[in-house]
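# With the sequence up front, the predicted model follows.
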Amino acid sequence: MKVKTYPYDSAEFLTDEETIAEYLKLSLESGDAQEIAQAMATVVRARGGVPKLAGEIGIDPDSLANLLKDSDLAALPIMLKLMNALGIRLSASKVA
């Protein structure tokens, strides 16, 4: 008997603002720019996709798609606008 498998997509589990915020918080805590960019891409999928969110923050969808593929977060100002559109704010604390 063959076992049928399905692709896993974290975006399916990001169903509310609290869960999205915690997901992004954990990725930010990693300090890994590639992980943060991937987490943002997952949240964008969960919230309706690139065209919808690009329209909300007033940028070209292709620009947003390219940003989400970028692993070094050189375009942090756009990421901050995107996070604001998602209802998420960055926070920082002093490292002990």
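Looks like it came in fine.
# contacting residues around the most centrally placed residue in the chain?
Nearest to the geometric centre of the chain sits Met40, at 1.1 Å (CA atoms, centre = their mean). Met40 is in contact with 24, 27, 68, 79, 82-83, counting by CB atoms under 8 Å, 6 or more residues apart in numbering. Where C-beta positions appear, they are placed from N, C-alpha and C, glycine not excepted.
# The same query, at a cut-off of 10 Å, please.
Counting by CB atoms under 10 Å, 6 or more residues apart in numbering, Met40 touches 23-24, 27, 53, 64, 67-68, 73, 79, 82-83, 86, 88.
# What pLDDT does the model give it?
pLDDT recorded at Met40 is 85.
# Give me the buried subset of the contacts of Met40.
23-24, 27, 53, 64, 67-68, 79, 82-83, 86, 88 (16 or more other CB atoms under 10 Å).
# now those residues as CSV including pLDDT and distance to Asp16?
Formatted as CSV, these follow (pLDDT from 0 to 100; distance: CB to CB, whole Å):
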residue, pLDDT, distance to Asp16
Tyr23, 88, 11
Leu24, 86, 13
Ser27, 83, 17
Leu53, 92, 17
Leu64, 86, 23
Leu67, 78, 24
Leu68, 79, 21
Met79, 73, 21
Leu82, 83, 18
Met83, 77, 16
Leu86, 85, 12
Ile88, 78, 12
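# Check the gap between Met40 and Lys4 for me.
31 Å (CB to CB, to the nearest Å).
# Sort out for me which of the buried ones among the contacts of Met40 are in helices.
Per DSSP state H, helices hold the following members of the buried ones among the contacts of Met40: 23-24, 27, 53, 64, 67-68, 79, 82-83.
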